[in-house]
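Asks: My questions are about this predicted structure, shown below with the sequence.
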Amino acid sequence: MPRKDFTCSHQLRVRWSEVDMQKIVFNGNYLNYIDVAVAEYWRAIGLPYPDGYVDRYGNDVYLRKATVEYLGSARYDELLDILVRVARIGRSSMTFAFEIWDASPAAGLYTKDKISDLFHTMLKRLKSGLKMTVKSAIAEGDKVALEVESHGELKNGNIYDQRYHFLIEFRGGKICAVREYLDTQHAHSVWFGRSKT
């Protein structure tokens, strides 16, 4: 669902107690994140819960069903946006919709113009560009998968060594979509964290 369709957003950082030894969030903790976001939703619309709701309506809200679809993993110390909206209101029930997004300024879907702006901004912050090396490539049908490594030094002294997987789709002999997978925690700490100088 597009981010703009959500009426409330709550940001939180993944804590050490919520991850396994690979620094990946335990699946059950996503429901805890959602629980925090629901409380923030009630607060954002001016209805303190439970006191304000129960006093006003003489009833309480109970969870009947929770369904979680996992599309990716959050990692230790990542900043997350928990998005909340009411998807449906019935006569005696309501359905909430939630999405958990990486709060990194670089996360999300990009148009050609937006990705061009991001690359130009990155290049201005690098000392002498970003060296990218293709380590392997596989092509099948209208898709090409690339394993890529990069190295660059930022003007603030931070080193950006990254590994990527790119899935490039072609239509009519032209690139129509690119999916990029990388270590977002490393990217966030290098580009948005503290400088070494």
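Replies: Perfect, thanks for sending it. Note that the structure is a prediction, hence the values are computed from the model and not measured.
Asks: biggest strand in the protein, by residue count?
Replies: Longest strand of the chain, by residue count under DSSP state E: strand 159-171.
Asks: Return the list of helices and strands in contact with it.
Replies: Packing contacts for strand 159-171, counted by 3 or more CB pairs under 8 Å, 6 or more residues apart in numbering; DSSP states H and E, involve strand 143-153, strand 174-182, helix 184-192. The way it works is simple: take the backbone N, C-alpha and C, and place the C-beta from them, glycine included.
Asks: Take those and lay them out in a markdown table including mean pLDDT.
Replies: Shown next, in a markdown table, are the helices and strands packed on strand 159-171 (pLDDT from 0 to 100):
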| stretch | mean pLDDT |
| --- | --- |
| strand 143-153 | 96 |
| strand 174-182 | 90 |
| helix 184-192 | 81 |
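Asks: Could you dump the ones you listed into CSV and include mean neighbour count?
Replies: Formatted as CSV, the entries for the helices and strands packed on strand 159-171 read as follows, by neighbours: other CB atoms under 10 Å:
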stretch, mean neighbour count
strand 143-153, 15
strand 174-182, 11
helix 184-192, 17
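Asks: follow-up on the earlier one: so which bits of the longest strand of the chain are buried?
Replies: Residues of strand 159-171 classed as buried under the neighbour-count rule (16 or more other CB atoms under 10 Å) are Tyr160, Gln162, Tyr164, Phe166, Ile168.
Asks: how about the strands in the chain?
Replies: Assigned by DSSP E, the strands in the chain fall at 8-13, 79-89, 94-102, 131-140, 143-153, 159-171, 174-182.
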